[in-house]
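**Student:** okay, predicted coordinates and the sequence, questions at the end:
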Amino acid sequence: MPAVSKGDGMRGLAVFISDIRNCKSKEAEIKRINKELANIRSKFKGDKALDGYSKKKYVCKLLFIFLLGHDIDFGHMEAVNLLSSNKYTEKQIGYLFISVLVNSNSELIRLINNAIKNDLSSRNPTFMCLALHCIANVGSREMAEAFASEIPRILVAGDTMDSVKQSAALCLLRLYKTSPDLVLMGEWTSRVVHLLNDQHMGVVTAAISLITCLSQKNPDEFKTCVSLAVSRLSRIVSSASTDLQDYTYYFVPAPWLSCKLLRLLQCYPPPEDGAVKGRLVECLETILNKAQEPPKSKKVQHSNAKNAILFEAIALIIHYDSEPNLLVRACNQLGQFLQHRETNLRYLALESMCTLASSEFSHEAVKTHIETVINALKTERDVSVRQRAADLLYAMCDRSNAKQIVAEMLSYLETADYSIREEMVLKVAILAEKYAVDYSWYVDTILNLIRIAGDYVSEEVWYRVIQIVINRDDVQGYAAKTVFEALQAPACHENMVKVGGYILGEFGNLIAGDPRSSPLVQFNLLHSKFHLCSVPTRALLLSAYIKFINLFPETKATIQEVLRCDSQIRNSDVELQQRAVEYLKLSSIASTDVLATVLEEMPPFPERESSILAKLKKKKGPGAVSVTEMEDGKREGGELNGGGDRGPDATTMAASNASTPSPSADLLGIRSAAPVSAAPSSAGSLLVDVFSEAGPAASSAAVNDEGFLRDLEPPTETSDSLLVEGSGDSDSAPPSEDPAPPLSEADELLNKFVCKNNGVLFENQLLQIGIKSEYRQNLGRMYLFYGNKTSVQFASFSTTVSCPGELQSHILVFQTCGATGGGGAQIQQVLNIECLTDFSEAPLLNIKFRYGGALQNLTLKLPVTINKFFQPTEMASQDFFQRWKQLSQPQQEAQKIFKANNSMDTEVLKAKLLGLGMALLDNVDPNPENYVCAGVIQTKGQQVGCLLRLEPNAQAQMYRLTLRCSKDSVSKRLCELLAEQF
């Protein structure tokens, strides 16, 4: 309750609250409240006008009842009336009631806005502050529309009191966060920035919160704040605790303002002005020096304030990543915290050092603390600190210390908390693969990993070891020997059985010369595990058995007997039964040569990004993944020549035609591979999960209103991304250069998406851009995924979508949400598209960012073509040709005869025509070799009917394409687009 003066204590309210507290039961409380509500209602409806005191008292009672959890459906008008009072206590209660109970859709909002306007123009600082607080508390769009232009004027006015300026800055920040499109600074920008020079520290503290938020969205407009922030920071850092007495907190001058200034500077790259940069470096050195000084107080508040500034300074040093001396000093300072008695400090030190480990300047300095970090992993009582220690070991790992770190992590894994075991397993597997020079060590490590934490070893891990063994001839024999020995353990994890079955099935012949591992011994060892395994593992073992028949003919009779037994050929699981029957028949009727051909060794897997690394990034986000691993994974993981996204196919391992797929046939991730018709994922694809699709036909399936774009909802996580430097937003500091002209291959890239909606639009050595989109009638939504393929963050990353020339009157493209952090090194942007009328050009997408100091400026054509707005139309043969004749005017027809660019496969042609968006009509054309389609293009202004006829000539490898549309420009454009597809 607000403070009241003596004699104005609202005794009735105090009595009511006392009665409520003295109630012995819920029923008694409700009865007392209902009685009070009836009394208040009668007072408000009575003939006698209530004075301000009574209104205030009753409104306070209503507010208290609401806070107890009861609904209030009256009294709002009386609260609004209190706003016009000239008494502070009455006006305060009125604003408090409105802030809590009135929603933005209330019919009273106009009256409330008028009262607020009166208070804002009253020049009474107390009333102005109350009004500003109410605007900020409600924060609705209606409030923003009413006051967004007024509050900046109050903020920068010379005669506004400091307390009002503080409230105005924080109120404007609130409105900007809820309705950024309505808060346009424009002419006020420079004056708001200069509030950093205000004499009143409270104004500066409030203003910097506003400027930081505005800078993240519009960095160019507010870039002048950098020099002012450095100047203000310098004055604070160099001042003594006695200089800023009102803002000194336990001998630390203005700690909150210092932290906010350092955070603001993290929104921008290092200052280009040498003097400003030198002054900033001096400030950072001073902060590091002060951290070494003995504390001026033993109280925890002093150390907290001091360390808060220190950690923000270190975050800025890491963000700039350009001052080797400061980076090393920061690392040494954090190293001292690693053994601090305060758990929070140890945690923060480990977390910051994870980021420092990615810098070339400080990586070696971080490595000097390896023993301390290992000790923390073993002895820390807090699981979150142990997890950060594991993250730091992972980040500081390189060739020189890989074996030591992997050994320590394996040792810790035996006693690790269950909540972090899966992540630890992934990290050990990645490090073992990335830094494996001796591949026998890699095999030993992974098998040891399965032995220690088999339940937490995901399929990706054992897929990967199999892929690497298959791709490395020099390790195959050792792997077979090692896995044979591991299987002899009495308690053997099922994942070990999977690896053993696969490797012995492929390379068991390499150890068959030793009597201790003869073919029959190998088979008996595997079969002894068979009955303890799940159905997928049994299916894999059956494939290994048929491989044994090819490798070791002497085992044929024994294995056939196993396959022939009732438990196999009459198994209740259809997959096991089918494999047993087909493998038995194959081994009985196939000749030795045929058997050798069908069951030949698996070919090497193609080189791709490690799927283990992708899983870790997806699981943890970029915070837990060293920023060097993407580049290193390709450079060093490439030596292993492994295929990351594709698991070894157990059915291919046996006979590819020997059994048909079933739900249990996907033993090794067959279904995770992209279908043949999907866009091919390139090596190291960061976006493979986003762009898997069922083929062009799937994209044209009818979607109802309820399901429209349901599956395209963006991910909710907002973790930082490698794509954008620092902790800023994705819209940080776009370079000021003009957009580049479209790339020479822009049209070719656009043509790839005429008959499909999902895939990779563009890719180079730095960036990958993917698209996922859906259309309904004249509306569409497109998701753009920007994947960083490098090991460092992009600076000043920005994107702009534009409609050149007349296109802006034909199509609307607007952003519904900005680029957000996703999981991994990926940023997402969402576009809404509306087709106003037909068009022929495509919107342009411009991407700008800095990499290694150099500006990257790319312009692509967004794959938005007129056919995306097709609605398929089913027609009978008679209707089709009747409509065909009606569209007989010369300008309504477009025809083109052209050479086939691809094979004239019937299924591919059908898939492309369906992907176009029209309905493919069967049994309509008299010539069954021809294809006819019908559809209606939906625009906001009109509908354009379209008919298509495609006549292939397989002998001449030619096509004749004819389009007839109710609008001639559409016919020509569709003909141009489609001629490139066949």
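**Tutor:** Perfect, thanks for sending it. Numbers count the residues shown, from 1 in each chain.

**Student:** can you show me the helices along the stretch 401-550 of the chain?
**Tutor:** 402-413, 418-434, 439-453, 459-471, 473-487, 494-507, 519-530, 535-551 (DSSP state H, counting those that start in this stretch).

**Student:** which residues touch the closest residue to Pro324 other than its chain neighbours?
**Tutor:** With CB to CB, 6 or more residues apart in numbering as the criterion, Pro324 has its nearest non-adjacent residue at 4.0 Å, and that residue is Phe361. The way it works is simple: take the backbone N, C-alpha and C, and place the C-beta from them, glycine included. Residues in contact with Phe361 (CB atoms under 8 Å, 6 or more residues apart in numbering) are 321, 323-324, 327-328.

**Student:** list the contacts of Gln333.
**Tutor:** So Gln333 contacts 288, 291-292, 310, 314 (CB under 8 Å, 6+ apart).

**Student:** scratch that, Arg564
**Tutor:** Leu584.

**Student:** could you number the chain from 20 rather than 1 from now on?
**Tutor:** Sure thing, new numbering starts at 20, so read that last one as Arg583.

**Student:** so Val955, which of the three states?
**Tutor:** Following DSSP: H, G, I helix; E, B strand; the rest coil, we place Val955 in the strand state.

**Student:** and for the one 5 residues further on?
**Tutor:** Three states are possible here, and by three-state DSSP the one that applies to Gly960 is coil.

**Student:** setting aside sequence neighbours, what's the nearest residue to it?
**Tutor:** Thr856 (5.0 Å).

**Student:** the one you found contacts Gln962, doesn't it?
**Tutor:** No: taking contacts as CB atoms under 8 Å, Thr856 lies outside contact range of Gln962: 11.0 Å.

**Student:** please say which of these two ends up with more neighbours.
**Tutor:** Using other CB atoms under 10 Å, the more surrounded residue of Thr856 and Gln962 is Thr856, with 17 against 14.

**Student:** how much space is there between the more buried one and Arg992?
**Tutor:** Applying CB to CB, to the nearest Å, the value for Thr856 to Arg992 is 12 Å.

**Student:** low-confidence ranges in the protein?
**Tutor:** 20-28, 66, 123-125, 260-262, 626-756, 834-844 (pLDDT under 70).

**Student:** how is it carved up into domains?
**Tutor:** 28-95, 121-203, 436-618, 764-883, 888-1000 (the TED database).

**Student:** adding distance to Asp417 as columns, could you present these in TSV?
**Tutor:** Listed next are the domains of the chain as TSV, based on distance: least, CB to CB, whole Å:
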stretch	distance to Asp417
domain 28-95	58
domain 121-203	42
domain 436-618	7
domain 764-883	13
domain 888-1000	47
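
**Student:** which strands or helices does the helix or strand where Leu993 lies pack on?
**Tutor:** Per DSSP states H and E, Leu993 falls inside helix 987-998. If you count contacts as 3 or more CB pairs under 8 Å, 6 or more residues apart in numbering; DSSP states H and E, helix 987-998 packs onto strand 912-918, strand 962-972, strand 977-984.

**Student:** distance to Gly799 added to the ones you listed, as a markdown table?
**Tutor:** Shown next, in a markdown table, are these (distance: least, CB to CB, whole Å):
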| stretch | distance to Gly799 |
| --- | --- |
| strand 912-918 | 24 |
| strand 962-972 | 16 |
| strand 977-984 | 20 |
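
**Student:** closest one to Gln185 among the ones you listed?
**Tutor:** strand 962-972 (56.9 Å; CB to CB).

**Student:** mind listing the strands for the stretch 170-319 of the chain?
**Tutor:** 267-268, 271-272 (DSSP state E, counting those that start in this stretch).

**Student:** with mean neighbour count and distance to Lys929 added, can I get these in TSV?
**Tutor:** Below are the strands of the stretch 170-319 of the chain laid out as TSV (neighbours: other CB atoms under 10 Å; distance: least, CB to CB, whole Å):
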stretch	mean neighbour count	distance to Lys929
strand 267-268	16	73
strand 271-272	24	73
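
**Student:** now these as CSV including distance to Ala408?
**Tutor:** What follows is the strands of the stretch 170-319 of the chain, written out as CSV (distance: least, CB to CB, whole Å):
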stretch, distance to Ala408
strand 267-268, 31
strand 271-272, 29
